[in-house]
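> A predicted structure for the sequence below; I have some questions about it.
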Amino acid sequence: MTRRTLNNFDFLRLAAATAVLLSHQFALQGLPEPVTVIGSWGGIGVLVFFAISGYLVAGSWQRDPHAGRFLWRRALRLWPGLVVAVGLVTFCLGPWVTQLSWRDYFHDAGTWRYLRLLGLWEFQSDLPGVFTHNAHPGSANGSLWTLPLEARCYGVLALLGSLSVWRRPRLMWAFWAALTSWFFFIWSVGYEDMLRMKVQMGVVFATGAMLQWFEAWWLAHRYRLPCVLGLLMAAGLGLGQLDMMVTLGIAISVVWLGTLSTPVLRQCGRFGDFSYGLYIYAFPVQQTFFWLGGASLSLGIGSLVVMTITLALAAVSWHCIEAPALRLKPVHSRTA
């Protein structure tokens, strides 16, 4: 049995992608997104992704600490599926749903600016003239704003690894403590600021990575970790830091739950990992659904229709694009 089938990470990734989809189903219909005491469904889903990514990607570096091979593996995970998704939206969906003529659409600089997403550095969601009567006009795929940030996290991890920081536990602890302390206690940017959200995701990614590097210790005391989490939550309450509770609580809980091997849940990826495809295709499917008049259906029926279509696209993406690309990963004796 492979490493994939022995844990709950596939289930958690799929749950996170579904939470983002459902949250956007409200927003793209012009309704308030569902919010819990720890944030919106979509916000929580994204933090779950970053916690898992930090933990698993750090493990990839540990098994093969070579910057070139590491970054190539990361590119093979993100880029092939993204190329196809961005290409389909730009050259197939865009010309269909735009109010512009095809000539004007393809001569507009905004159409070609959208392709900058493929550089995984700059986020661009708008395409000229698309979805003009939707609740969020112009936006073709707003979910992709997190991908450049994730790519930056990979880069920082590779840089720190190349500088041998990860071989020095004290430096690792100092880096993580400095980052989290600055974010929670020093930085005063407001909660609605996009930059603050990005830094929060970086903190979650870093926490996931730390849990990977000290995995041997806490796995040996697996059932003490919830106690540590409880102490952190109590400290957050005592310091009036709800944000600290949410950020560290999600990161630690997700990694702890992911490393468990729960019957049924651990089989979630037996047919493939559809979470990435679900994430990158949901938004354009939803925008098209509402452009075609889907708002006339109930929220529940609409969500079911969108989920079915997006899941089918995600399955095709996995089996025809993502999985074949991942088979191109460089082989190394310590790489799982």
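Alright, I've got the coordinates. For clarity, every value in this text was computed on a predicted model and none was experimentally measured.
> From here on, just use CA atoms for contacts and neighbour counts.
OK.
> What is the neighbour count of the closest residue in space to residue 326 that isn't next to it in sequence?
Distances taken as C-alpha to C-alpha, 6 or more residues apart in numbering place residue 76 nearest to residue 326, at 5.9 Å, with adjacent residues excluded. A count of neighbours around residue 76, defined by other C-alpha atoms under 10 Å, yields 18.
> cool, and residue 70?
Neighbours of residue 70 (other C-alpha under 10 Å): 23.
> Please, which helix or strand holds it?
Secondary structure from DSSP states H and E places residue 70 in helix 67-88.
> Can you name the residues in contact with that helix?
Where contact means C-alpha atoms under 8 Å, 6 or more residues apart in numbering, the residues beyond helix 67-88 that reach it are 60-61, 64, 115, 117-118, 154-155, 158-159, 161-162, 277, 280-281, 317-318, 321-322, 325-326, 328-330.
> Kindly format the C-alpha coordinates of the helix or strand harbouring residue 313 as CSV.
Following DSSP H and E, one finds residue 313 within helix 299-317. What follows is helix 299-317, C-alpha atoms only, in CSV (Å, rounded to 0.1, in the frame of the first residue of the first chain):
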residue,chain,number,x,y,z
LEU,A,299,-28.6,27.4,-3.6
GLY,A,300,-28.5,23.6,-2.7
ILE,A,301,-29.4,22.5,-6.3
GLY,A,302,-27.0,25.0,-7.8
SER,A,303,-24.2,23.9,-5.5
LEU,A,304,-24.8,20.2,-6.5
VAL,A,305,-24.7,21.0,-10.2
VAL,A,306,-21.5,23.1,-9.9
MET,A,307,-19.9,20.4,-7.7
THR,A,308,-20.7,17.7,-10.2
ILE,A,309,-19.4,19.5,-13.2
THR,A,310,-16.2,20.7,-11.4
LEU,A,311,-15.5,17.3,-9.9
ALA,A,312,-15.7,15.8,-13.5
LEU,A,313,-13.2,18.4,-14.7
ALA,A,314,-11.0,17.7,-11.7
ALA,A,315,-11.0,14.0,-12.5
VAL,A,316,-10.0,14.6,-16.1
SER,A,317,-7.3,17.0,-15.0
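> Just list what whatever helix or strand comes next after it packs against, helices and strands only.
Per DSSP H and E, the first helix or strand lying C-terminal to helix 299-317 is helix 323-326. Packing contacts for helix 323-326, counted by 3 or more C-alpha pairs under 8 Å, 6 or more residues apart in numbering; DSSP states H and E, involve helix 67-88.
> The helix it packs on to helix 299-317, inter-axis angle?
Interaxial angle of helix 67-88 relative to helix 299-317 (axes from the mean of the first three to the mean of the last three C-alpha atoms, to 10 degrees): 130 degrees.
> Nice, that's everything, thank you.
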